[in-house]
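Chemist: Could you look at this predicted model? Sequence included:
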Amino acid sequence: MKKCIYRPCSTNRITQYFLENAACVTKYGKIVACRPGLESFYKSVGMNSHGAIDFALWHGEHLYFPVDLGIRWWVDKIGHPDERGLMLSVISDEKMVVVRDNEKVRDIRKPRDGETGEYIKFVFGHLMETPYRDGETIRFGQYLGRGDNTGFSTGDHCHMGFKECDKNGDGLNLNNGWYGNLNYEPLFENRYIVDVDENIAEMKLTLKDLRKKLLKLLEIQVIKLVESVKGRL
Ligand SMILES: [Zn+2]
């Protein structure tokens, strides 16, 4: 079992894991942090508990697609004004085998002989904006969009969930107690994706290098300018 799912954001504060019940609903239907006497929001909508990981964000924080499975993905952009706000689903372009004990995921891998597998998707909820149009492709490490507090949410965060789905991205096993959500925590490593993706790390180095060269060029130009002004005085 290889870890292949990382943190999509720079902020390192996870506010809720799978199986927790941190969000409650008041009798007026407002979503708030739980306190005694209030009903769990998840139970109020027929789920056993939270079925994803919640990553706290600063307002507008950039998010990157953090799942490294060596496959192609495409996006489906959906607005749920009263639920997950602006949500981006990232759906696999090929079927995968999700090895699991009930809702707990042990491995996600390509099918071997005889196996068929299912399409899979990761969802990113409560977003501010995303540059994608429906059907566009995306790959590991690529920019996803910016986080916010849209939909049912008590503060800026990204809700990152995982399900098996059909070819169109519609979830399977919707009666599993988590509306089809599966617990990917065994495959999750709490490391910022930008520090993981070697291409991005390499790009950062190249940028640093270019910046240095640009500054050097500017410095030369300024010196030349000063010299020429001096010459005229
Ligand atoms: Zn959540």
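Modeler: Cool, got the structure.

Chemist: Need phi/psi at residue 66.
Modeler: phi -100, psi 30 (degrees, to the nearest 10).

Chemist: Surely residue 164 is in contact with residue 176?
Modeler: No - if you go by Cβ atoms under 8 Å, residue 164 and residue 176 don't touch, sitting 10.0 Å apart. For the C-beta atoms, the positions are set from N, CA and C on the backbone; glycine is no exception.

Chemist: shared neighbours of these two, anything?
Modeler: Both residue 164 and residue 176 are contacted by residue 182, under the criterion Cβ atoms under 8 Å, 6 or more residues apart in numbering.

Chemist: between those two, which one's more packed in?
Modeler: residue 164 (24 against 18; other Cβ atoms under 10 Å).

Chemist: and the more buried one, what pLDDT?
Modeler: On the pLDDT scale, residue 164 is placed at 97.

Chemist: for the helix or strand where residue 164 lies, packing partners?
Modeler: Of the helices and strands defined by DSSP states H and E, residue 164 is found in strand 157-165. Judged by 3 or more Cβ pairs under 8 Å, 6 or more residues apart in numbering; DSSP states H and E, strand 157-165 is in contact with strand 53-56, strand 119-129.

Chemist: Would you format the ones you listed as TSV with distance to the ion and mean neighbour count included?
Modeler: As requested, the helices and strands packed on strand 157-165 are exported to TSV (distance: least, Cβ to the ion, whole Å; neighbours: other Cβ atoms under 10 Å):
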stretch	distance to the ion	mean neighbour count
strand 53-56	4	23
strand 119-129	7	22
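
Chemist: Distance of whatever residue of the chain ends up closest to the ion relative to residue 85?
Modeler: Nearest residue of the chain to the ion (Cβ to the ion) works out as residue 159 at 3.3 Å. The gap separating residue 159 from residue 85 is 9 Å, by Cβ to Cβ, to the nearest Å.

Chemist: Quickly list what's touching both of the two.
Modeler: By Cβ under 8 Å, 6+ apart, the residues touching both residue 159 and residue 85 are 125-126, 153.

Chemist: Tabulate those (JSON lines), appending pLDDT.
Modeler: Shown next, in JSON lines, are these (pLDDT from 0 to 100):
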{"residue": "125", "pLDDT": "93"}
{"residue": "126", "pLDDT": "93"}
{"residue": "153", "pLDDT": "80"}
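
Chemist: who does the residue nearest to residue 150 when sequence neighbours are not counted bridge with?
Modeler: Counting by Cβ to Cβ, 6 or more residues apart in numbering, residue 150 lies nearest to residue 85, which is 2.6 Å off, once chain neighbours are set aside. Beta-bridge pairing for residue 85 (DSSP bridges): residue 80.

Chemist: Fine by me, we can end here.
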